[in-house]
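# Dropping a prediction and its sequence here:
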Amino acid sequence: MKFRVLFLCANNGVQSPIAEALLNGLDSKHFVAISAGIDCGQVHPLIVEVMKEIGIDLEGKVTKTTQDIMDRRFDFVITLSERARLECPTFQEAELVHWQFEGQLAVMDDAQQKRVFQSLRDQIAQRVRLFALVQVRFAAVEKHAHQKKAS
């Protein structure tokens with residue numbers, strides 16, 4: 001059984017596509033991740049660039065909104081922006097988690113913005129690795145406990 005994870009941000013253009021790609025690339029055996037936004041945006045060109053630096057191609061990624069995925073069931077819904085946290089629709093049976101990241105994208109030149117996006121990518125990668133590790137280990141402990149109880 002795979003954990004179904006939704007990463008949700010304001011417009012599916014920065015944090016959520018990063019998190020989706022990282023989790024699917026890290027552990028597709030245990031997880032199926034998708035991303036969406038409260039509104040439909042476009043993947044930021046610098047996100048495409050900083051993800052290519054680590055071998056992940058987001059070129060041409062089609063963004064989604066919560067309306068596009070309301071009929072799906074998730075084990076986890078992870079919000080990645082304050083707006084997503086506040087406006088997240090209810091997904092039955094999903095555990096709701098909020099992740100906050102450092103990095104302001106105020107008025108900056110492209111070089112500064114790229115460094116912020118690289119930092120954001122690395123922060124999300126660290127959080128995704130920890131999340132995957134904890135969930136897989138917890139599932140293994142639960143499975144072992146059920147097997148022990150059954151015997």
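Received, thanks.

# mean confidence score for stretch 98-118?
For stretch 98-118, mean pLDDT rounds to 81.

# can you give me the helices for this structure?
Assigned by DSSP state H, the helices in the chain fall at 15-26, 45-52, 66-69, 82-87, 110-150.

# Which of the ones you listed has the highest mean neighbour count?
Comparing the helices of the chain by mean neighbour count (mean count of other C-beta atoms under 10 Å), helix 15-26 ranks first with a mean of 24. The C-beta positions use only the backbone N, C-alpha and C, and glycine is treated the same way.

# Could you list every helix and strand in contact with that helix?
When contacts are defined as 3 or more C-beta pairs under 8 Å, 6 or more residues apart in numbering; DSSP states H and E, helix 15-26 sits against strand 3-9, strand 31-37, helix 45-52, helix 110-150.

# that older thread, possible to save the helices of the chain as JSON lines with distance to residue 4?
Shown next, in JSON lines, are these (distance: least, C-beta to C-beta, whole Å):
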{"stretch": "helix 15-26", "distance to residue 4": "11"}
{"stretch": "helix 45-52", "distance to residue 4": "22"}
{"stretch": "helix 66-69", "distance to residue 4": "10"}
{"stretch": "helix 82-87", "distance to residue 4": "17"}
{"stretch": "helix 110-150", "distance to residue 4": "11"}
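
# Tell me which of these sits nearest to residue 37.
Among the helices of the chain, helix 15-26 comes nearest to residue 37, with 6.5 Å by C-beta to C-beta.

# looking only at pLDDT, what's the mean for that closest one?
On average, helix 15-26 scores 97.

# Distance from it to the middle of the chain?
From the chain centre to the centre of helix 15-26 is a distance of 5 Å (C-alpha atoms, centre = their mean, to the nearest Å).

# Quick check: residue 10 vs residue 42, distance?
Taking C-beta to C-beta, to the nearest Å as the measure, residue 10 falls 12 Å from residue 42.

# if you count what's nearby, which of the two comes out ahead?
More neighbours surround residue 10 than the other of residue 10 and residue 42, with 19 against 12 (other C-beta atoms under 10 Å).

# I'm done for today, thanks for sticking with me.
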